[in-house]
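In: how would this look folded up:
(4 chains)
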There are 4 protein chains.
Amino acid sequence: MREQSYRDPVHDFITLRDPLFLDLIDTPEFQRLRRIRQLGASYSTYHGAEHSRFGHSLGVLWVMIRILERFSNIGIDIPQEWEVVAKAAALLHDVGHGPYSHALEGTLTPGLGHEEWSRRVILGPGPLHDRLRAHREELPTQVADVIAGIHSTTPGFISQLVSSQMDVDRMDYLLRDSLYTGVTYGRFDLTRLINTLQVYDDRIVCVAKGIGAVEEYLLARYFMYWQVYLHKTTRSHELTLVRLWRRARDLWESGALTAAQVPESLVPFLAGTPTLPEYLQVDDHDIAYAVKRWQQATDPILADLAYRLLHRKLLKPVYKVPVTQVPHARLPDLEALLERKGWDPQYYLVVDDVSRVAYDLYAPHAIGESKTPILAFDELGHPREITQLSPTMRALAAGTRVAVNLFVPLEARDEARALLTRR
Amino acid sequence: MREQSYRDPVHDFITLRDPLFLDLIDTPEFQRLRRIRQLGASYSTYHGAEHSRFGHSLGVLWVMIRILERFSNIGIDIPQEWEVVAKAAALLHDVGHGPYSHALEGTLTPGLGHEEWSRRVILGPGPLHDRLRAHREELPTQVADVIAGIHSTTPGFISQLVSSQMDVDRMDYLLRDSLYTGVTYGRFDLTRLINTLQVYDDRIVCVAKGIGAVEEYLLARYFMYWQVYLHKTTRSHELTLVRLWRRARDLWESGALTAAQVPESLVPFLAGTPTLPEYLQVDDHDIAYAVKRWQQATDPILADLAYRLLHRKLLKPVYKVPVTQVPHARLPDLEALLERKGWDPQYYLVVDDVSRVAYDLYAPHAIGESKTPILAFDELGHPREITQLSPTMRALAAGTRVAVNLFVPLEARDEARALLTRR
Amino acid sequence: MREQSYRDPVHDFITLRDPLFLDLIDTPEFQRLRRIRQLGASYSTYHGAEHSRFGHSLGVLWVMIRILERFSNIGIDIPQEWEVVAKAAALLHDVGHGPYSHALEGTLTPGLGHEEWSRRVILGPGPLHDRLRAHREELPTQVADVIAGIHSTTPGFISQLVSSQMDVDRMDYLLRDSLYTGVTYGRFDLTRLINTLQVYDDRIVCVAKGIGAVEEYLLARYFMYWQVYLHKTTRSHELTLVRLWRRARDLWESGALTAAQVPESLVPFLAGTPTLPEYLQVDDHDIAYAVKRWQQATDPILADLAYRLLHRKLLKPVYKVPVTQVPHARLPDLEALLERKGWDPQYYLVVDDVSRVAYDLYAPHAIGESKTPILAFDELGHPREITQLSPTMRALAAGTRVAVNLFVPLEARDEARALLTRR
Amino acid sequence: MREQSYRDPVHDFITLRDPLFLDLIDTPEFQRLRRIRQLGASYSTYHGAEHSRFGHSLGVLWVMIRILERFSNIGIDIPQEWEVVAKAAALLHDVGHGPYSHALEGTLTPGLGHEEWSRRVILGPGPLHDRLRAHREELPTQVADVIAGIHSTTPGFISQLVSSQMDVDRMDYLLRDSLYTGVTYGRFDLTRLINTLQVYDDRIVCVAKGIGAVEEYLLARYFMYWQVYLHKTTRSHELTLVRLWRRARDLWESGALTAAQVPESLVPFLAGTPTLPEYLQVDDHDIAYAVKRWQQATDPILADLAYRLLHRKLLKPVYKVPVTQVPHARLPDLEALLERKGWDPQYYLVVDDVSRVAYDLYAPHAIGESKTPILAFDELGHPREITQLSPTMRALAAGTRVAVNLFVPLEARDEARALLTRR
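Out: Just a heads-up that it's a prediction; the model follows:
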């Protein structure tokens, strides 16, 4: 019998025997995830966070397998066909991620997020698509639909497991990112959480006495969000990277940057929208290689931003403690200040409003399939939204924290700070 | 050089070189803590929780040592004399605990809690007192005062480290109880918490960016409180134990129980208030021995309660989900029901109002020295109470959870439940 | 569906649904294991090692369940009936242990080890026996036989899993004792070890590439043996306890100790061989209670030994580093020395030859069912004894370490040491 | 006060306050280590092993700091000046590593290993050298000498801590690689090991009772060596990479590969020996970028090897179980076989003799400064080599394991296997 054990720092042994999944893992599309860091530039804050989307994707598959096994143990029968869809969607949900994950998403291919690229990879053509289809004609479409949250032939609770406020993706990444960063905040009790899950009326609902497990999970999310994902050094690194690419594109569009000065794999990204094969050619290495190369660029802004990224001379936050709203009224003065000092504000002033970033806190009334509220049974056995049952979660969801900061070169920070704090 | 390393499951190596502490640990008074379980009857819910107050007390000393080292590293100078008081108070704060810790506190020696017994042990006479005094004449008094929260010659921040809302006692026991029970809730980042502490105006204040560490600690407390310390099976076991002892005392007072039927070490506890040496003779083993022996008691209630404790036929909760207030109006009916069925409600009806138990949540406005609020610096460098800075903690402190339950014999539970839920 | 999760510090969740095992765990015979420490007096060296045989027994059941699940996953089909025998034998293998486990085994009931008592408990009568028999008439006998290593109707590989050089008992206790003592030596990779196991010709054989896992397990055993189980302070505590009991028995036999001076549950142990119910009445608490009480005994030796045990004035090793053989020629002089100083050598001189203790290293040619050698497949697929395949294990098994020490009162140690080292 | 805490998955908080080390860490030379994987291609076997030399180097510094603190605690006084040398040597010992660490060492710059490049970086010129020199004129030379094992003005025991059979480098990497790979083998008890170290006659010697700690450390090395560092998939990946580069150089030398087809940063490596600045420009990203690009190379061998690396079509081992010597007599036949099938044996036949790789087992009689034997005190207080005191270590050192394998394309493996096994 074919059997493969992947030794995982988070889940210990991930042992697989189904040839479909062993084959999917060995496709070039999936192997490519080894070259894309899970947390973008977080490694510049937490040096241990150098892990890739490959291990995370395996981990998400594993959490799904464990949940399905649990369901089987407690008598929730799921047709084999749906199980395959659920597992494949878990494994492949991130297969469309590009370099630096969320950090450059929307920047390298404007308008095309990783979900859309995942969809394209799965719907083919290519080895991964072919392997799915060899299993069953409709499998690619079903998997793509589940990842996209589109109800097709699979039940709603499977979509919910793949993508919702409490899904297998988050269950893995909180634990994984916690381990690699070396922090404790993201740890929660995965087994206990899995053991509280039930299926009721095609939705995932937690048993009444499992509310503590959900609270623990949501608090892990809360802490990771504020302490790790939105750390100001990480944000600064990522936003500087965005500025670098924006400068390269501006130069390209004005003709000041030519193909000879760009790593060739990146040319299609500057010249328009890459094709799927062109997109899949590119990973963190291409960007890192470009950054190093552009240190010698003739354009001083491109060269300077590249130098800053490599030598950790990142833009610095103006506010010591983040503020709650963007100081729109003061921005013109700030831009003027920067221009006076020779810093083009288009590239050297970053307004970071974290309420708009990819990682989000729990919000019961959010809209869209991926925002399905978390349900638990009350003492009478009726499913209710979790904040109606837990005062702590109610408080957490209510106290929406907003954090705005501005980033400028260190050389201009003190003056910027003075400008913003004077009456 | 004399050096002793205590291998600790929580803190790894606890390495001590100061002869004073090595000697204190070897006194019979301190060694006695090996025979007193840290968590009373929790082991009946969490089978791993069989640890004693001995390891906890060592751990508390160790946390104090680490905090004092940190203070030294960041330039907070503390006279050697005060350091000794702080460490001794940390080590000895629980030295007066009796059998089953909190479970029988107030029952075995009514009116005399463990703090009072700690005070008596420290103020002597006895080997422990003598060793403290040999070090310095005033040391026993200073240590006893710090433990009692009495300001004498030592600074307030040291009292605060020993006993307050965020003290070395709690820092150790949350981690320790979490490890032994096998749960994850109690884990928080001790090093990070220690690194956030400062001394300001004779009070402990956290640095602004350390608020996350405090939040994590307080949430650990919150989860341990509800999931472990107040677990209904544990409560039932402990409350049944209280009833057993109450029955024994009632029988003793009526002359129906005589010295021949009582393990001799326990006689002074039934006959009045034990002397200090008599108190120190007794530990968990004496109670456990008595329980086993009283299975054969002639009094049917004493024998039955003993049998229930040993065979896990504990009293059962009437409410599936705890209610928010004691149903005073229904209690007479419930007592009548029990009497009708032959269960004396004095021993077989337990009203458990957990808002009155020893473990407590964070409450900023609580009264008394041990309730010193937790302070952190705001962005302007002013110390403020933590709930004013953290919306999450504000929510946690506001949402006071009350949990009331009633316990009766299994044989009467269904009728009791029906009685209480009917209109 | 009835389901019970035991939260375990070693294995996390032990989730059981089979009513047979839930019932067995709740019998008084099994619950009694909560009152018997797993490691006898080891807690006096490693303060965290206060855990009982209860958690260990649950853990052994769990390891067996995991192995059987693995077998099922890789196509090794085992009839349901045998699985029940295997699991029950795993759960109940230690049910006959008495106070302080191995420390007093052979002392309290000479000639009757814990295996014999386990057999008696299982073969009944009593609630545990009844529950087994209610499941299937022959179950008690089959379980008792498997534990005893007697081939009856169950296959040999199941006996081997329950009791052999690499059995579920050792797999659990190495991990468990390692966790509670706080050391790292006993940790090995349980999942990897389980994944290497195969059944071949009714024997357990490891796959060729799993030899590393077996090496790791055997080295864990090696380190735990020398660093924990045979630690000289633990040995001294346990051997002093043996001397105390021996003194009590000698006094009893001479009439100098009477029933009034002995905790009543222990009287049958002094008066002869206890009946099964009498045996099951007794646990660590009775011994601890007796030790405390005998501090006030009129016999000075009994009182002194009790005092030493309670106040950690244990006998001390004469050799700083253990020697390889008992110095028989010098023993008469040593005895004379002790007598001269007023110490009766019968109680105050302990010759500890650890090659004879219960915990044993791996020895491929050992005799008896419980000594089945460990087998692994060589590259040609033939099962071979592990030391023939691994040079490291060959070395480990060859280098039989012998360690002899003598223990005397501290007051006589220096003179004893001088006597033994002079030419 | 300036203070920086690096959150480390292995050591938790690495808190530094000395400006020298904070500055050294921020130099571009040191930051470059973030872009060099610690374990070369091990990530292709253990997907979690994606960590860089950056975290390892911080960890090595931290272990050194802990050892020096321990020495200070037990009264071993070391002049401040030497402590700085010891710490700087620990931090910088790997600063000269190139892409893929050991995998391409000796291939990219033949004759110049990472030690020589470390020396060049430290002796300058450059920001790192300047910072060392600003601290003290002779510091760069002293640090370089200690790393090289040259006795200059610093004591021998410091060189030994930096580079020997039991040095801070190995202490960190065993623990770190174990964590990231997810295996358990590499774990040993660091605190216990540190606590056994003494300085005697300018050498590091372990206390007698610490031999168990040394054994545990050496066994961790043994297991990591065979299970992780020399894993056959890793070896295959690394050796294929070596072949790729060799092909590129052969093509370059024949003029078939030109600068236009090579990432420009790699040109100096093909054209001769790079200068120090050219060397420091290059890291894992350049190699990874080249591999991807060379998939489209016109040379079929270069393109094929690149494709194999990216798509995990690695060369495969001919022997299922490694053999003990290279089958020299059969190699001509094997080469003929490969040629017949169209595989140039220069690139498609790899003879892997792991007795010659960088990672080494403990060997007491090895030659050279870095091979200082491990010493421990015997019972008389004389330092002796460890294998003279420990039978287990003697066996481990004696049983030198040799492992030879051959790697060929999968397409030729079965025929190669048949050829080698026929008589």
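
In: which bits of the stretch 151-300 of chain A sit near chain B?
Out: Contacts of the stretch 151-300 of chain A with chain B, taken as C-beta under 8 Å from any C-beta of the partner chain, map to A:183-185, A:187-189, A:192, A:208, A:212, A:215-216, A:219, A:222-223, A:226-227. (Glycine included, C-beta is placed from N, CA and C.)

In: So which of those residues is the closest to A:Gly111?
Out: The closest of these to A:Gly111 turns out to be A:Trp226 (C-beta to C-beta; 29.3 Å).

In: What about chain D: which of the residues of the stretch 151-300 of chain A next to chain B touch it?
Out: A:Val183.

In: Pick the one among the residues of the stretch 151-300 of chain A next to chain B closest to B:Ala90.
Out: A:Thr184 (23.4 Å).

In: picking up where we left off before, between the residues of the stretch 151-300 of chain A next to chain B, which is nearest chain C?
Out: If you rank those by distance to chain C using C-beta to the nearest C-beta, A:Arg192 comes first, at 7.1 Å.

In: ok, the closest one - contacts?
Out: A:210, A:213, A:216, B:184, C:13 (C-beta atoms under 8 Å, 6 or more residues apart in numbering or on different chains).

In: does the fourth one really touch B:Leu174, like I thought?
Out: No - in terms of C-beta atoms under 8 Å, B:Thr184 does not count as a neighbour of B:Leu174; the distance is 11.5 Å.

In: if we can go back for a sec, list buried residues within the contacts of A:Arg192.
Out: Among those, those that count as buried by neighbour count (16 or more other C-beta atoms under 10 Å in any protein chain shown) are A:210, A:213, A:216, B:184, C:13.

In: out of those residues, which are inside strands?
Out: Using DSSP state E, the members of those that fall within strands are C:Phe13.

In: Can you tell me which of the buried ones among the contacts of A:Arg192 is nearest chain D?
Out: Chain D lies nearest to B:Thr184 out of those, by C-beta to the nearest C-beta, at 17.3 Å.

In: Up against chain C, what does chain A have?
Out: Residues of chain A lying near chain C (C-beta under 8 Å from any C-beta): A:1, A:3, A:5, A:12-13, A:15, A:17, A:73-75, A:191-192, A:195.

In: Return the closest of those with respect to chain B.
Out: Distance to chain B, by C-beta to the nearest C-beta, is smallest for A:Arg192 among the residues of chain A next to chain C, at 7.9 Å.

In: I'd assumed the closest one was in a helix, is it?
Out: Yes - A:Arg192 forms part of a helix when assessed by DSSP: H, G, I helix; E, B strand; the rest coil.

In: Give me the pLDDT for it.
Out: pLDDT recorded at A:Arg192 is 92.

In: Let's check: the centremost residue of chain A is which one?
Out: A:His102 (5.1 Å; C-alpha atoms, centre = their mean).

In: Now do it against A:Asp94, distance only.
Out: Distance from A:His102 to A:Asp94, counting by C-beta to C-beta, to the nearest Å: 11 Å.

In: So for those two, which residues contact both of them?
Out: With C-beta under 8 Å, 6+ apart, A:His102 and A:Asp94 have common neighbours A:His114.

In: Can you list the buried residues in stretch A:99-119?
Out: Result for stretch A:99-119 [16+ other C-beta under 10 Å]: buried residues A:99-105, A:107-109, A:112-115, A:117-119.

In: swap that for stretch A:14-33, sorry
Out: Buried, per 16+ other C-beta under 10 Å, within stretch A:14-33: A:14-16, A:20-21, A:23-27, A:29-30, A:32-33.

In: what's it in contact with?
Out: A:1-8, A:52-54, A:57-59, A:61-62, A:84, A:87-88, A:91-92, A:94-95, A:97, A:121, A:126-128, A:131-132, A:135, A:280, A:283, C:73, C:195, D:310-312.

In: Can you check the pLDDT for A:Glu379?
Out: On the pLDDT scale, A:Glu379 gets 77.

In: Determine the three-state secondary structure at it.
Out: Going by three-state DSSP: A:Glu379 is coil.

In: Low-confidence ranges, the stretch 201-350 of chain A, go.
Out: For the stretch 201-350 of chain A, no stretch is flagged by pLDDT under 70.
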